[in-house]
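Student: the following comprises the amino acid sequence and a computationally predicted model.
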Amino acid sequence: MNVNQSAPPVPPFGQPQPVYPGYHQSSYGGQPESTAPPTSYGAYNGPVPSYQQTPPPGVSRAPPSSEAPPASTAQALCGQAAYGQFGQGDVQNGPSSTVQTQRFPGSQPFGSVPLAPVVSQPAVLQPYGPPPTSAQVTAQLAGMQISGAVAPALPPVGLGYGPPTSLASASGSFPNSGLYGSYPQGQAPPLSQGQGHLGAQPSQRSAPPQASSFTSPASGVPRMPSMTGPLLPGQSFGGPSVSQPNHVSSPPPQALPPGTQMTGPPGPPPPMHSSQQPGYQLQQNGSFGPVRGPQPNYGSPYPGASTFGSQPGPPQPLPPKRLDPDAIPSPIQVIEDDRNNRGSEPFVTGVRGQVPPLVTTNFLVKDQGNASPRYIRCTSYNIPCTSDMAKQAQVPLAAVIKPLARLPPEEASPYVVDHGESGPLRCNRCKAYMCPFMQFIEGGRRFQCCFCSCINDVPPQYFQHLDHTGKRVDAYDRPELSLGSYEFLATVDYCKNNKFPSPPAFIFMIDVSYNAIRSGLVRLLCEELKSLLDFLPREGGTEESAVRVGFVTYNKVLHFYNVKSSLAQPQMMVVSDVADMFVPLLDGFLVNVSESRAVITSLLDQIPEMFADTRETETVFAPVIQAGMEALKAAECAGKLFLFHTSLPIAEAPGKLKNRDDRKLINTDKEKTLFQPQTGAYQTLAKECVAQGCCVDLFLFPNQYVDVATLSVVPQLTGGSVYKYACFQVENDQERFLSDLRRDVQKVVGFDAVMRVRTSTGIRAVDFFGAFYMSNTTDVELAGLDGDKTVTVEFKHDDRLNEESGALLQCALLYTSCAGQRRLRIHNLALNCCTQLADLYRNCETDTLINYMAKFAYRGVLNSPVKTVRDTLITQCAQILACYRKNCASPSSAGQLILPECMKLLPVYLNCVLKSDVLQPGAEVSTDDRAYVRQLVTSMDVAETNVFFYPRLLPLTKSPIESTTEPPAVRASEERLSNGDIYLLENGLNLFLWVGASVQQGVVQSLFSVSSFSQITSGLSVLPILDNPLSKKVRALIDSLRAQRSRYMKLIVVKQEDKLEMLFKHFLVEDKSLSGGASYVDFLCHMHKEIRQLLS
């Protein structure tokens, strides 16, 4: 049973789904079911038009019934008309009759499986029948409309990496979406006779996952006078259409997303143009008749479509309308719906395989046996039972793990469990740690490992009786038996050389070459360190930090400082033999801050003066790291080096680099060399640093090329961070630099860490992404790990999984705390397993999937041409969506793009990754910037990649001035900007305040303290502090956005139509980019074409 009527908004995850009478559908998340009222037009996610009847000529159809159609298919049509076989006005409401109507042999999209309304489809493969003939395609064109209503959306999800198929390359830009070919004057498209599957539905296991699709509302209904705009070419006025000879070729795949709807009063079709459509070459498309001829009305972009970077074309008699962006899935809507539906209730982790709220939703977590999503997020929470099924779906199975994630104040940090000298209890065979999923047997004397099924004895001191359910009676008193995340105190067996570690040390290594002194950097840094050293990280409750500090300055040579507390003045020792680095002093180099306070202050006062007249421009780099590492080795402790560096290290020394910046390599096979280090020396050095537990954080202040790809190797492999301040000027950049430095010095870090991910039988961890080093295939080694860093792990099948027992992950991190305590942090997560593809697609998380895909692609550019990496991404995304279409979606016309409900944002987010600076740089993006972003994304968490690839755009004058909540975001497109408003745009690294040219004078006065738009300084980076409600509100909002991000976002004020606006528009990711990236609408059409190629 299917109805061509408007769809209600899709309820988000865990909310009731609309149900047809007579079909039982279990509610999602165990909540009561309800029905939603219909909206006035077919929204994004309406049902597939399939069972339809033509009303008698001249009779208007009765209004749609108030039943909600099933939300099981929300469809995006891209590039082809909907291939149902009717004119526009033909709909049947109510349950399907049992009479099987005649179906055209060529038009059946999915073999002969009956269309299940809300009852589920089994996940068997159903071969596609031959696609519709050209005549049937033609009949569809009348059914296309663009609907303004958009249904709210749902949590996003994943993409897979499999063998690339032989798809047409998709790296280039995509042409603007245009209209379909029109019919000759006065001729309506042919009407095909009743296609449909009526008849009894077989009973099936589970409900099909919700999908999103574009569908057309009925057109035979008399139109409301308020609707404006021409009919689509060939559209009839109401009543059935007349059949026409088959002479119109199939519509181009890059036109409106399929089934999109245009509303408007009747009018003659637009005139034919002979100009050839730019963009895709014509394709011999056997399924739909002859080669496509030239498309009418493709000559120019849409009139007035400034979003696409084009000038308005000459006026045409009846200008075509382009696809309404409101008719395609909106990230803003999905985020908003998830906040409304899942933000109020705490997320309780007791149930296996629950999909958590989106990263953009504020929610509380209650740990009841599975790790919080703040620690682990997965691409899917229901994984296929077999490797064949996983290969078929192509959804990568991955987890993004943030072992030391910071929690909000309302949530408790993991409990620390001390088992004394015996240490934590583990499985004898696989070495997994005790967790809530272990099964106690034989009255509690033994336990069966949940990972490898080995039976182990329970030590006498750990024995406890079982209750009547087989659970230990002390289960809720022991964190390791009742919680998903907890810590064990490690015994001496877990320490290097079988002795407990010393507290870590911080060494500040300051470039004192000419550039660093001239820019004011050295003076600023020394001044800041005097106060910052009071805020070194400390374990909860202790009065002062256990961390010791040391100081080095350098240019072509290195200067070490003795700051022993007994000295009246600091002593400097110079090491000029940088080829054979050694540390000239042990005692007095690493000191306790409170003991040596006076000597340290004296040193920090003297450094800027000592080097004030330097003329030395050359610097070394590798020997500086070597020196820091040797100092930590001599002190027998782990620690962190803070390096402040300004230029390409060209002085004669190990690790010397040359300038190899060459933009001519972009888009060639040699482009990958720009991302690779120049020399292997830095990998060797990094390996030594990891062995010593020496983590490196690098602060770069370049005025020109410094080869970030090479300099960032050591920070990357030691678990450190890179910060970059190009063309540093104290007055403009000091706030950003000092804020980043304070946060970096104060954050809690685990040193000398090793992480291992164990899994239950059937899957295993096969690939890792992030800032770390691996000397074998299982252990992730991190000289340092902070609360911002993630490790992304990909899993593959090595056996069949069991639906009953599910799959388990255990992440164990062994590290040294800031106080020098050796600890084990454990996170456990249980996932469901499925034999139906529908269950996989219903439990995916698009944000995590995009995080994984971006990291996969950003690593790929090291070894493959960028174009190959882009094509792989597109192919995989197409395979994921094609598999869903083929195996899970209800049968419908090939012209509809059907997206799984929780993956409907996959195309828009994937397009943002493809358009990013690493994969498609504009002319203004430097090689260093690309290398910087590439290593940054590698260890980002899911929330950071979400806002990085799809920035938030917040209108500031729309919400009431007294409102303290964040204003609702709008979509990242130029169309959404009103020149009478002011907007904030943030992506986690950048913050823009865009001011429209027609903003009210009072607003300009309140924010900028000038009387008119023309007096605002473009590029301003600080708002004046004014005592009025608007100024306070905007400054408070900026502060709150900065507080949410791990790096300080420098503000840039951008005026409309100013030269800086080009930079701002780069972040409007739904629009076409200057570097050739497709707009969202075009990319959706392109994805649809790829999916159809796979399916045919």
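Tutor: Ah, there it is.
Student: state the distance from residue 654 to residue 695.
Tutor: The spacing between residue 654 and residue 695, counted by Cβ to Cβ, to the nearest Å, is 20 Å. All C-beta spots, glycine's among them, are computed from the backbone N, C-alpha and C.
Student: just residue 341 next, same as before
Tutor: Residue 341 is 41 Å from residue 695, by Cβ to Cβ.
Student: one more: residue 754?
Tutor: In this view, residue 754 and residue 695 are 14 Å apart by Cβ to Cβ.
Student: how far does the helix or strand residue 630 falls within sit from its chain's centre?
Tutor: According to DSSP states H and E, residue 630 maps onto helix 622-634. The chain centre lies 37 Å from the centre of helix 622-634; the measure is Cα atoms, centre = their mean, to the nearest Å.
Student: residue 341 and residue 695 - which one has more neighbours?
Tutor: Set residue 341 next to residue 695 and count neighbours by other Cβ atoms under 10 Å: residue 695 wins out with 33 against 19.
Student: partner residues bridging that one?
Tutor: residue 640 (DSSP bridges).
Student: ok, residue 952 next?
Tutor: Those that pair with residue 952 in a beta bridge, by DSSP bridges, are residue 986.
Student: and it, how many residues sit next to it?
Tutor: Neighbour number of residue 952 under other Cβ under 10 Å is 22.
Student: cool, residue 346 as well?
Tutor: 11.
Student: repeat for residue 571
Tutor: Neighbours of residue 571 (other Cβ under 10 Å): 14.
Student: check residue 998 too.
Tutor: Using other Cβ under 10 Å, the number of residues around residue 998 comes to 11.
Student: how far out from the middle of the chain is stretch 700-718?
Tutor: Stretch 700-718 sits 25 Å away from the centroid of its parent chain (Cα atoms, centre = their mean).
Student: flag the shaky bits of this structure, pLDDT-wise.
Tutor: Applying pLDDT under 70 to the chain flags residues 1-322.
Student: counting contacts, what elements does the strand of greatest length in it pack onto?
Tutor: What stands out as the longest strand in the chain, according to DSSP state E, is strand 822-834. Here strand 822-834 touches strand 376-378, strand 382-384, strand 485-489, strand 807-816, going by 3 or more Cβ pairs under 8 Å, 6 or more residues apart in numbering; DSSP states H and E.
Student: these: which one's closest to residue 537?
Tutor: Nearest to residue 537 among these is strand 807-816 (12.3 Å), distances taken as Cβ to Cβ.
Student: give the pairing partners of that closest one; include direction for each.
Tutor: Here, using DSSP bridges, strand 807-816 pairs with strand 749-759 (antiparallel), strand 822-834 (antiparallel).
Student: in TSV: the ones you listed, plus mean neighbour count and distance to residue 814.
Tutor: Shown next, in TSV, are those (neighbours: other Cβ atoms under 10 Å; distance: least, Cβ to Cβ, whole Å):
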stretch	mean neighbour count	distance to residue 814
strand 749-759	23	5
strand 822-834	24	5
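Student: ranges for the strands of the stretch 251-400 of the chain?
Tutor: Here the stretch 251-400 of the chain has its strands, by DSSP state E, counting those that start in this stretch, at 347-348, 365-366, 376-378, 382-384, 397-401.
Student: would you mind finding the most buried of these?
Tutor: Burial of the strands of the stretch 251-400 of the chain is given as mean neighbour count (mean count of other Cβ atoms under 10 Å); strand 376-378 ranks first at a mean of 28.
Student: run through who's touching that one.
Tutor: Under the criterion Cβ atoms under 8 Å, 6 or more residues apart in numbering, residues 356, 359, 397-402, 809, 811, 827, 829, 831, 845, 847-848, 851, 942 lie in contact with strand 376-378.
Student: any idea how far it is from the chain center?
Tutor: Worked out by Cα atoms, centre = their mean, strand 376-378 lies 13 Å from the chain centre.
Student: direction included, what does that strand pair up with?
Tutor: Next to strand 376-378 in the sheet, as set by DSSP bridges, lie strand 397-401 (antiparallel).
Student: how distant is the strand it pairs with from the center of its chain?
Tutor: Using Cα atoms, centre = their mean, the offset of strand 397-401 from its chain centre is 13 Å.
Student: after that strand comes which helix or strand?
Tutor: Following strand 397-401 in sequence order, the next helix or strand is strand 416-417 (DSSP H and E).
Student: any idea which helix or strand comes after that next one?
Tutor: strand 439-441.
Student: show me where the stretch 751-900 of the chain has its helices.
Tutor: The residue ranges that make up the helices of the stretch 751-900 of the chain, judged by DSSP state H, counting those that start in this stretch, are 837-842, 846-860, 866-887.
Student: nearest to residue 392, out of those?
Tutor: helix 866-887 (5.8 Å).
Student: buried set for the helix holding residue 630?
Tutor: If you call a residue buried by 16 or more other Cβ atoms under 10 Å, then helix 622-634 has these buried ones: 622, 623, 624, 625, 626, 627, 628, 629, 630, 631, 632, 633.
Student: distance to residue 517 added to those residues, as a markdown table?
Tutor: Below are the buried residues of helix 622-634 laid out as a markdown table (distance: Cβ to Cβ, whole Å):
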| residue | distance to residue 517 |
| --- | --- |
| 622 | 22 |
| 623 | 20 |
| 624 | 17 |
| 625 | 22 |
| 626 | 24 |
| 627 | 21 |
| 628 | 21 |
| 629 | 26 |
| 630 | 26 |
| 631 | 24 |
| 632 | 28 |
| 633 | 31 |
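Student: and these, which is closest to residue 507?
Tutor: Set against residue 507, the nearest of those by Cβ to Cβ is residue 628 (4.8 Å).
Student: mind checking how far the nearest residue to the closest one once chain neighbours are set aside is from residue 907?
Tutor: The shortest distance from residue 628 to any non-neighbouring residue, by Cβ to Cβ, 6 or more residues apart in numbering, is to residue 641 (4.1 Å). Note on residue 641: its distance to residue 907, by Cβ to Cβ, is 43 Å.
Student: which among the buried residues of helix 622-634 gets closest to residue 764?
Tutor: residue 629 (33.6 Å).
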